[in-house]
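Chemist: For reference, the sequence and a predicted model appear below.
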Amino acid sequence: MDRYDFNSMDSAALPPEESLQHADAPFAADERDILAAFALYVLAYLYLWHLGDSRLVLAVFALGFVGLGELLHWERARTRESWFWLGCVGVITLGACLGRQSVWDIGQQFLFLHLAAVYWLLSRAELLYEGETGRLILFDGASGFLLYPFRRFFLRIRTLIFALARPFRGEEKGKKAALLWSLLALLAAGGLFLAALKLLTAADAGFASLSRRFLDRLQFDGSFFLQLILSLPVGAYLFSLLAGTRREDREKLRERGGKLAAFLDSLRRVPNAVWTILALLFCLLYLVFFIVQARYLFGAFTRTLPEGFNVAHYARRGFFELCQVMGVNFVLFWLVTRTSLREARENRFSLTVCCVLLAESLLFAVVAFSKLALYIDCFGFTPLRLQSSWLVCVLFAGCIAAGVSLLSGRKTLRPWVFFASASLSLLCLF
C-alpha cells in the first residue's frame with residue numbers, strides 16, 4: 001500500500017482504520033502518526049512529572065497536546081466551537097501556570113483542563129455525535145474519555161512497528177543493507193568513543209574529575225524509572241485518543257448518533273398525566289416549604305434574622321442544600337420532558353406544572369444568592385465566595401435556558417454549556 005502524503009490537505013487522506021484491516025489493505029500509518037507516536041513518549045513523561053506540581057511542565061504538555069492534535073487533524077476545517085474549547089484550554093492552562101488558585105485549586109483546574117482538552121479534540125476532529133454540543137453531550141464525553149482511546153489502545157505499538165519495519169517492505173527493501181551497516185557503524189563508533197574516554201580520564205586527573213561529575217548528573221534514581229514505566233500506558237492512551245480519532249468513520253459516527261437520539265426518543269413511554277401529577281407533588285412540597293419557612297428563607301432580603309441565628313450561621317446554613325434541590329429539579333424536569341409520551345409543551349397542564357417547577361427553582365436560586373450576598377456584605381468578599389456565586393449563577397442560567405427551551409422549543413443547552421464553561425475558565429485566572 002502506498003504511504004499517505006504528509007502534505008495532503010484532503011480530509012480523506014487517512015481512511016478509517018477499519019477499512020485498512022481487510023486482507024488487501026494492511027495497517028498503515030503516515031509521517032504524522034509516526035511523529036506523534038514518538039513525541040508522546042516525552043509528553044506522557046511530562047504529564048506524570050506535572051503531578052509533582054511543575055507549572056512550566058503543565059504548559060509544555062498542554063501546548064504539546066494541542067500541537068499534536070492540530071498536526072493530526074490539520075486537514076479538517078476548524079469549527080467555531082473548536083475555537084471556543086481551545087480558548088478554554090488556554091485560559092485554564094494560563095491560570096494554573098500563573099498560580100491563580102484562589103477560586104479553583106490546582107486539582108480542580110487539572111480536572112477542568114482534561115474536560116476542555118478532550119472536548120476540544122472532539123470538536124476539532126468533527127466527532128461530536130450531533131456535529132455540535134447538544135443533548136448527546138454525555139455520550140460525547142464518554143466516547144472521548146473511554147471509547148476512542150481504549151478501542152485502539154495498542155495503536156502506538158502498531159504504528160511504531162510499522163515505522164521500524166518500513167525499510168524492509170516493498171520498494172524500500174533496498175534500504176535494508178544501508179540500515180544494517182549504519183547500525184554497525186554506530187556500534188563501532190560507540191565502542192571507540194568509550195575507549196577514547198577511558199584513555200583520556202586515565203591521562204589527566206582534571207578531565208577525569210570533570211567527566212565523573214558529568215556522569216554523576218546523568219545518574220537516574222528509582223523515581224525516574226517508575227515514572228518512565230507509568231508513562232507508557234499514559235502515552236498509549238493519549239496517542240490512541242489523538243491518532244485514533246483520525247481513523248474514525250464519520251458516517252458510522254453519525255449513524256451511532258442517530259441511534260442514540262432514537263434511544264432517547266424511545267424513552268417516551270410514561271403517560272403525561274403520571275409525570276405531571278408527580279411533578280405537581282414536588283411543586284406543592286416546595287410551596288409548603290416556602291410558606292412555612294418564609295421568614296427564615298427571606299430574612300436576608302429584609303435583614304431580619306430568625307431567633308437564635310447569627311449572620312454567619314444563617315448565611316451558611318442551607319446554601320448548598322438549596323443548590324442541591326435545584327439539581328434534583330433539573331433531573332425531574334428532564335424526566336418529565338424527555339420520558340413523557342407527548343412533549344410537555346403540547347399539553348397545557350404539563351406545561352403549566354413544568355413552568356411552576358422552574359419558577360420555584362429560580363426562587364431557590366434567588367434565596368441562596370441572598371444568603372451569600374448577606375454573608376459577603378457582613379464579612380467581605382473572598383475568592384471562595386466567588387466560587388459559590390458562580391454556582392448559583394450557573395444554576396439560575398440553567399433554569400432560564402430550560403424555560404426558554406420549554407416554551408419555544410429552541411435548543412438552549414449549547415449556550416448554557418458555553419456560558420458555564422467560559423465563566424468557569426475565566427475564574428481560573430483569579
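Modeler: Structure's in. What do you need?
Chemist: low-scoring pLDDT stretches of the stretch 201-350 of the chain, where are they?
Modeler: Residues of the stretch 201-350 of the chain meeting the criterion pLDDT under 70: 213-224, 294-317.
Chemist: ok now do the spatially most central residue of the chain, which residues does it touch?
Modeler: With distances taken as Cα atoms, centre = their mean, the chain has residue 115 as the residue nearest its mean C-alpha position (1.6 Å). Contacts were defined as Cβ atoms under 8 Å, 6 or more residues apart in numbering; by that measure residue 115 touches residue 141. (Each C-beta comes from the backbone N, C-alpha and C, glycine too.)
Chemist: Convert the C-alpha atoms of the helix or strand encompassing it to PDB, please.
Modeler: With elements taken from DSSP states H and E, the one containing residue 115 is helix 106-124. Coordinates of each C-alpha in helix 106-124 appear next as PDB, following Å, rounded to 0.1, in the frame of the first residue of the first chain:
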ATOM      1  CA  ILE A 106      -4.700  23.000  41.100                       C
ATOM      2  CA  GLY A 107      -6.600  19.700  41.300                       C
ATOM      3  CA  GLN A 108      -9.800  21.200  40.100                       C
ATOM      4  CA  GLN A 109      -8.000  23.100  37.400                       C
ATOM      5  CA  PHE A 110      -6.300  19.900  36.200                       C
ATOM      6  CA  LEU A 111      -9.800  18.200  36.000                       C
ATOM      7  CA  PHE A 112     -11.200  21.200  34.100                       C
ATOM      8  CA  LEU A 113      -8.300  21.100  31.700                       C
ATOM      9  CA  HIS A 114      -8.900  17.400  30.900                       C
ATOM     10  CA  LEU A 115     -12.500  18.100  30.100                       C
ATOM     11  CA  ALA A 116     -11.800  21.100  28.000                       C
ATOM     12  CA  ALA A 117      -8.900  19.400  26.100                       C
ATOM     13  CA  VAL A 118     -10.800  16.300  25.200                       C
ATOM     14  CA  TYR A 119     -13.900  18.200  24.100                       C
ATOM     15  CA  TRP A 120     -11.700  20.500  22.000                       C
ATOM     16  CA  LEU A 121     -10.200  17.400  20.300                       C
ATOM     17  CA  LEU A 122     -13.700  16.000  19.600                       C
ATOM     18  CA  SER A 123     -14.800  19.400  18.100                       C
ATOM     19  CA  ARG A 124     -11.500  19.700  16.100                       C
END
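Chemist: Distance of residue 425 relative to residue 113?
Modeler: Separation of residue 425 from residue 113 (Cβ to Cβ, to the nearest Å) stands at 9 Å.
Chemist: Need the residues touching each of the two.
Modeler: What both residue 425 and residue 113 touch, as defined by Cβ under 8 Å, 6+ apart, is the set residue 92.
Chemist: Name the residues of the helix or strand harbouring residue 355 that are buried.
Modeler: In this assignment (DSSP H and E), residue 355 forms part of helix 348-379. For helix 348-379, the buried set under the neighbour-count rule, 16 or more other Cβ atoms under 10 Å, comprises 350-351, 353-354, 356-358, 360-376.
Chemist: next one: stretch 95-107
Modeler: Within stretch 95-107, the residues that qualify as buried are 95-97, 100-104, 106, counting by 16+ other Cβ under 10 Å.
Chemist: can you check stretch 26-38 too?
Modeler: 28-30, 32-34, 36-37.
Chemist: and what of stretch 39-53?
Modeler: Neighbour-count burial for stretch 39-53, with 16+ other Cβ under 10 Å as criterion, is recorded at 39-40, 43-50.
Chemist: Now do the same for that stretch: mean pLDDT, whole number.
Modeler: Average pLDDT, stretch 39-53: 78.
Chemist: same question, stretch 394-404
Modeler: Averaging the model's pLDDT scores along stretch 394-404 yields 95.
Chemist: how much distance is there from it to the middle of the chain?
Modeler: Centre-to-centre, stretch 394-404 and its host chain are 23 Å apart (Cα atoms, centre = their mean, to the nearest Å).
Chemist: Dump that stretch to CSV, keeping only the CA atoms.
Modeler: Listed in CSV are the C-alpha atoms of stretch 394-404, where the atom choice follows Å, rounded to 0.1, in the frame of the first residue of the first chain:
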residue,chain,number,x,y,z
VAL,A,394,-24.9,28.8,36.5
LEU,A,395,-28.0,27.2,38.1
PHE,A,396,-30.0,30.3,37.6
ALA,A,397,-29.0,30.5,34.0
GLY,A,398,-29.9,26.8,33.6
CYS,A,399,-33.4,27.5,34.8
ILE,A,400,-33.7,30.3,32.3
ALA,A,401,-32.4,28.1,29.5
ALA,A,402,-34.7,25.3,30.4
GLY,A,403,-37.7,27.7,30.4
VAL,A,404,-36.9,29.1,27.0
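Chemist: coming back round to it: buried residues in the helix or strand following the helix holding residue 115?
Modeler: Next along the chain after helix 106-124, taking DSSP H and E as the criterion, comes helix 137-142. Of the residues in helix 137-142, 137, 139-140 count as buried by neighbour count, 16+ other Cβ under 10 Å.
Chemist: Relative to residue 329, which of the residues you listed is nearest.
Modeler: Of all the buried residues of helix 137-142, the one sitting nearest residue 329 is residue 137; the distance, using Cβ to Cβ, is 19.3 Å.
Chemist: residue contacts, the closest one?
Modeler: Counting by Cβ under 8 Å, 6+ apart, residue 137 makes contact with 413, 417.
Chemist: next one: phi and psi at residue 270?
Modeler: The phi and psi torsions at residue 270 (degrees, to the nearest 10) take the values phi -90, psi 130.
Chemist: Count residues in the vicinity of it, would you?
Modeler: Around residue 270 sit 16 other residues, with neighbours defined as other Cβ atoms under 10 Å.
Chemist: What is the helix or strand harbouring residue 149 packed up against?
Modeler: Residue 149 belongs to helix 148-151 when assigned by DSSP H and E. Using 3 or more Cβ pairs under 8 Å, 6 or more residues apart in numbering; DSSP states H and E as the contact test, the elements touching helix 148-151 are helix 222-242.
Chemist: Which SSE is immediately downstream of the strand or helix carrying residue 72?
Modeler: With elements taken from DSSP H and E, the one containing residue 72 is helix 55-73. Using DSSP H and E, the next helix or strand after helix 55-73 towards the C-terminus is helix 80-97.
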